[in-house]
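>>> here are the coordinates; sequence isn't available:
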């Protein structure tokens, strides 16, 4: 059994009218189980496309991708949906909670698509909310929660399906410094205490500093991949 | 949703108005008398010129008496002959049909009286000069409020005492005025007013059965009896014609079917319009909730989950609309009865059919938006502002 994420020579080519856009150009990458990786790059660098492929929202035009030993580069839509449901937890910049439903129901959502019994859904969702420190807020609606709390609900939603990877796309982009610090501390705790693999997309260096490994993406290619474990003693483990 | 409400409401209201109209037509047909059989004499042929129905004098009072004896299914038999003539009262006169009938005729045709009453077998036996007058005749011969019963009218200079005024029946199904009529005893008519080729010849025979279902069998019995009496060989055609109310009613049946069809067409159009309304609501909803759809897909919703979600929403909308429409339709039908005075009948079938139709409309028009939602690209949906 190799690394959790293995990609080999990934290409993603879009066609915009007559112009071919090479968003990802031959990316080979390995991420071990339990790593905390920050992916950095300016907008248009292709990092989002790369993350979409890693998050199984998209498939590569060329190249291979094994997730936990499973070839997912050419999987169908339904298979990808199932992998997203079981293996990947998404955290978005704008939280993306469903407004008309309570915190608990938002967290239940991944389990709903897994046909888990309603009682089981509630129990697991409540446990996930407790893990992010939101006990007692189960029946609040997103509009009644602060930005930091909303992002915690989103993290609980990502956690509830017990995924292999937590994919956080600019999780602090809409938050103030204080809330950002809380969210990053939470992600750090999930990585260190629960051994969850966390992939963090950001362009802020102080946020990226929480990660043990930083990957620089530019022009559809990986231009830098360095472990910061040495610099930040005791932080992160398993990086190359 | 408003479209569905209106559409379903229209279905309910129109079907109930249509069924009310149908029932009214049926009541009108029944006003001719229930389960009536009319036997007309056959046609004469004089030198190749056929005389048309009733031209020949092939039916007699004796035929009528024979039918009464031989066909037990008949609850009543009667005979009549008629002519149009001048009716004189005081210094006024009126031209109308005078019918010489046996008392059974009045029973068969279900006539009622606003004043006075029918003549009896005694009047028939004694050829009494008594008459029953219809409403139209009364209106044309008498002053308003004047009581006709007890007055004397003259038919072909023969004085008749009016003993009854017939209750109005209105127009017949064919549009002729059923109230423009005078009845006198058959014997009086043949001996003193209408005259006859030979005693006992009739213009038509009438009979009735207690139950509608007995009609075909009774008609067969009449045919056999009359053929035997007229000594017709098997290869010879009938020298009489038998008509039943069923034949006459079938025309009206066709009319009301056309009416109902037209109403269904109008209602269908409303439902289609309502369906398009639902489709638009859903298309807007799909656009507004693009991000939500993206999130659902990101956390593992398959296309069929999204499809099902929006189909269920479409059907919920249309079912709520349908239920409100049913209420609206029932109220509308009631209002029509109260305001316009039209009879309406709300049938359980029309409610059930309209409900399931609204469900089907929701399913059909929900399919396109739902499919649109399920085919969204999750990446683009998540990025949608």
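All right, it came through fine. From a predicted model like this one, the values you see are computed outputs, not experimental measurements.
>>> secondary structure element for residue A:7?
Using DSSP states H and E, the element containing residue A:7 is strand A:5-16.
>>> that strand pairs with which strands?
Using DSSP bridges, strand A:5-16 pairs in its sheet with strand A:19-31 (antiparallel), strand A:62-67 (antiparallel).
>>> hmm, who's touching it?
A:20-31, A:46, A:49-50, A:53-54, A:58, A:60-67, A:165, A:197, A:220 (CB atoms under 8 Å, 6 or more residues apart in numbering or on different chains). Every C-beta, even on glycine, is put in place using the N, C-alpha and C of the backbone.
>>> out of those, which are buried?
The neighbour count (16 or more other CB atoms under 10 Å in any protein chain shown) marks A:22-25, A:27, A:29, A:31, A:46, A:49-50, A:53-54, A:58, A:60-61, A:63, A:65-67, A:165, A:197, A:220 as buried among these.
>>> pLDDT score assigned to residue B:368?
According to the prediction, residue B:368 has pLDDT 92.
>>> what is the neighbour count of residue 80?
Looking at chain A here, since you left the chain open. Residue A:80 has 21 neighbouring residues, counting by other CB atoms under 10 Å in any protein chain shown.
>>> my question was about chain B
22.
>>> excluding sequence neighbours, find me the nearest residue to residue A:65.
Take residue A:65 and drop its neighbours on the chain: the residue closest to it by CB to CB, 6 or more residues apart in numbering or on different chains is residue A:73, 4.4 Å away.
>>> quick check, that neighbour in contact with residue A:59.
Yes. Using CB atoms under 8 Å, residue A:73 is in contact with residue A:59, at 6.3 Å.
>>> got the contact list for residue A:96?
Counted by CB under 8 Å, 6+ apart, residue A:96 has contacts A:154, B:291, B:294-295, B:298, B:382.
>>> which one of those is nearest residue A:82?
residue B:298 (12.7 Å; CB to CB).
>>> what's the closest non-adjacent residue to that closest one?
That would be residue A:90: by CB to CB, 6+ apart, it lies 4.9 Å from residue B:298.
>>> and the one you found, what element?
Short version, using DSSP H and E: residue A:90 is in strand A:88-91.
>>> what's the answer for residue B:80, then?
Applying DSSP H and E, one finds residue B:80 within strand B:74-89.
>>> how far does that strand sit from the chain's center?
Distance of strand B:74-89 from its chain centroid, counting by CA atoms, centre = their mean, to the nearest Å, is 25 Å.
>>> what's that strand packed up against?
Here strand B:74-89 touches helix B:61-70, strand B:92-101, helix B:103-108, helix B:135-141, strand B:152-155, helix B:186-188, strand B:204-209, helix B:215-229, going by 3 or more CB pairs under 8 Å, 6 or more residues apart in numbering or on different chains; DSSP states H and E.
>>> most tightly surrounded among these?
When you average the neighbours per residue for each of the helices and strands packed on strand B:74-89 (mean count of other CB atoms under 10 Å in any protein chain shown), strand B:204-209 leads with a mean of 25.
>>> pull up the pairing partners for that one, direction included.
strand B:36-41 (antiparallel), strand B:74-89 (antiparallel).
>>> that one relative to strand B:92-101, how many degrees between them?
Here strand B:204-209 runs at an angle of 60 degrees relative to strand B:92-101 (axes from the mean of the first three to the mean of the last three CA atoms, to 10 degrees).
>>> measure residue B:321 to chain A for me?
Distance of residue B:321 to chain A, computed by CB to the nearest CB, to the nearest Å: 21 Å.
>>> per-residue pLDDT, that residue?
So residue B:321 comes in at 86 (pLDDT).
>>> so the closest residue to it other than its chain neighbours is in which element?
Excluding the flanking residues, the one nearest residue B:321 by CB to CB, 6+ apart is residue B:4, at 3.1 Å. Using DSSP H and E, residue B:4 sits in helix B:2-30.
>>> so which bits of that helix are buried?
B:3-22, B:25, B:28-29.
>>> before we move on, back to that, take the contacts of residue A:96 and keep only those in helices.
A:154, B:291, B:294-295, B:298, B:382 (DSSP state H).
>>> and those as TSV, adding neighbour count, pLDDT and distance to residue B:374?
TSV is the format used below for these (neighbours: other CB atoms under 10 Å in any protein chain shown; pLDDT from 0 to 100; distance: CB to CB, whole Å):
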residue	neighbour count	pLDDT	distance to residue B:374
A:154	27	94	24
B:291	18	91	15
B:294	23	92	12
B:295	24	92	14
B:298	28	92	14
B:382	23	88	15
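>>> so where's the stretch 151-300 of chain B uncertain?
Scanning the stretch 151-300 of chain B with the threshold set as pLDDT under 70 gives B:172-174, B:197, B:245-256, B:259.
>>> again, only this time at 90
B:155-158, B:166-180, B:186-282, B:285, B:288 (pLDDT under 90).
>>> what does it put close to chain A?
B:291-292, B:294-300 (CB under 8 Å from any CB of the partner chain).
>>> apply 10 Å and report the result again.
B:289, B:291-292, B:294-300 (CB under 10 Å from any CB of the partner chain).
>>> of the residues you listed, which is the nearest to chain A?
residue B:300 (2.4 Å; CB to the nearest CB).
>>> residue A:86 is in contact with the closest one, correct?
Yes. Assessed by CB atoms under 10 Å, residue B:300 is found in contact with residue A:86 at 7.3 Å.
>>> now do the shared contacts for those two.
Common contacts of residue B:300 and residue A:86, defined by CB atoms under 10 Å, 6 or more residues apart in numbering or on different chains, comprise A:110, A:114, A:161.
>>> out of those, which are inside helices?
Using DSSP H, the shared contacts of residue B:300 and residue A:86 in helices are residue A:110.
>>> between the shared contacts of residue B:300 and residue A:86, which sits nearest chain B?
After measuring the shared contacts of residue B:300 and residue A:86 against chain B - CB to the nearest CB - the closest member comes out as residue A:110, at 4.3 Å.
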